[in-house]
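Q: any chance you could fold what I've pasted below:
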Amino acid sequence: MDLKLDGRVALVTGSSKGIGEAVARGLAREGAVVIVHGRDKTKTEDVAHSIVAEGGRAYAVLGDLTDDDAVDRLVASAQAFAKPVGIVVNNAGGSGRTEDWTTTRPDTWATGYDRNVLAAVRVTTPLLPGMRAAKWGRILNISSLAALMPPSNRPDYAAAKAAMIAMTASLAKAVAKDGITANTVSPGTIHSTSLEEAFRTAAANQGLARDASWPDIERTALPLFAQVPAGRCGTLEEIADAVAFLVSPRASYITGSNLRLDGGMWPGL
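A: Residues are numbered from 1 along each chain as shown. Predicted structure coming up:
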């Protein structure tokens, strides 16, 4: 399927590694011009250069998304490289300290909200006027299954990600008549570098060799972490494919939605 993304300009925050990197690479494969963002200059530029080496089009921008002035400079740099930026994927964020209800502190909640929710607001709002003028735009916010199935620890993270879902639903209503869509993707248990490290440690504790094959590691460790009906972890590529579709012209009637990529874990309807 041609997603009709050739030449569209996409800013992907937090794309120097992990989910963001996979999304940036996926959009580049579909023909989009990708603005790779990160805070580490070397890692961010390495991803952009790698995309270009593979035949894609990419530029690198740097900036701390919790700093208003840094975001202003980042957005200006992005639009200087390639304009108009019609796609924004707010992926940067994540969790901080592992706290539970016996240790959690208000400042942890404030920091997490700033890093996830307000960062997305800072990046999105200055780009909305251009999208409205063009009568086309795509905003995709990366949340988490933790927003819908919050664990007992890291309550600040679950709450911030839930706020992103609500924020996206509100935005979708505000911009729908302007040809702009806003959606959320909520990944569940996804195979990443950090997850594999945790799985290998858990499998080793069960007596499996630490350097065993990934299928053996996954089969042993997954039930210790999550009950996934699909019986496996999701992949970064599967997230990238879902995002590419949702930000494409093909998905123009999908807005205000939250797509769960969880292998069937969500118990609701």
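Q: quick check: L224 is in a strand.
A: No. Per DSSP: H, G, I helix; E, B strand; the rest coil, L224 lies outside any strand segment and is helix.
Q: tell me the confidence at G188?
A: Residue-level confidence at G188 comes out at 96, pLDDT.
Q: right, I mislabeled it, should have said T201
A: Confidence score, pLDDT, at T201: 95.
Q: right, and D156 touches W101 too?
A: No. Using Cβ atoms under 8 Å, D156 is not in contact with W101, being 10.6 Å away. In short, each C-beta sits where N, CA and C put it, glycine included.
Q: quick one: low-confidence ranges for the chain?
A: 269 (pLDDT under 70).
Q: ok, now with 80
A: In the prediction, the chain carries residues with pLDDT under 80 at positions 96-97, 268-269.
Q: can you list the domain ranges for it.
A: Taking the TED database as the reference, the chain has its domains at 9-190+235-261, 191-233.
Q: among those domains, which is the most enclosed?
A: domain 9-190+235-261 (a mean of 19; mean count of other Cβ atoms under 10 Å).
Q: quick one: the strands in this protein?
A: Residue ranges of the strands in the chain, as given by DSSP state E, are 9-12, 33-38, 57-62, 85-90, 137-142, 180-187, 258-261.
Q: got those strands as a markdown table, with distance to P106 columns?
A: Converted to a markdown table, the strands of the chain look like this (distance: least, Cβ to Cβ, whole Å):
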| stretch | distance to P106 |
| --- | --- |
| strand 9-12 | 31 |
| strand 33-38 | 29 |
| strand 57-62 | 30 |
| strand 85-90 | 24 |
| strand 137-142 | 24 |
| strand 180-187 | 25 |
| strand 258-261 | 27 |
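Q: rewinding a little: relative to D2, which of the domains of the chain is closest?
A: Closest approach to D2 among these is made by domain 9-190+235-261 (8.4 Å; Cβ to Cβ).
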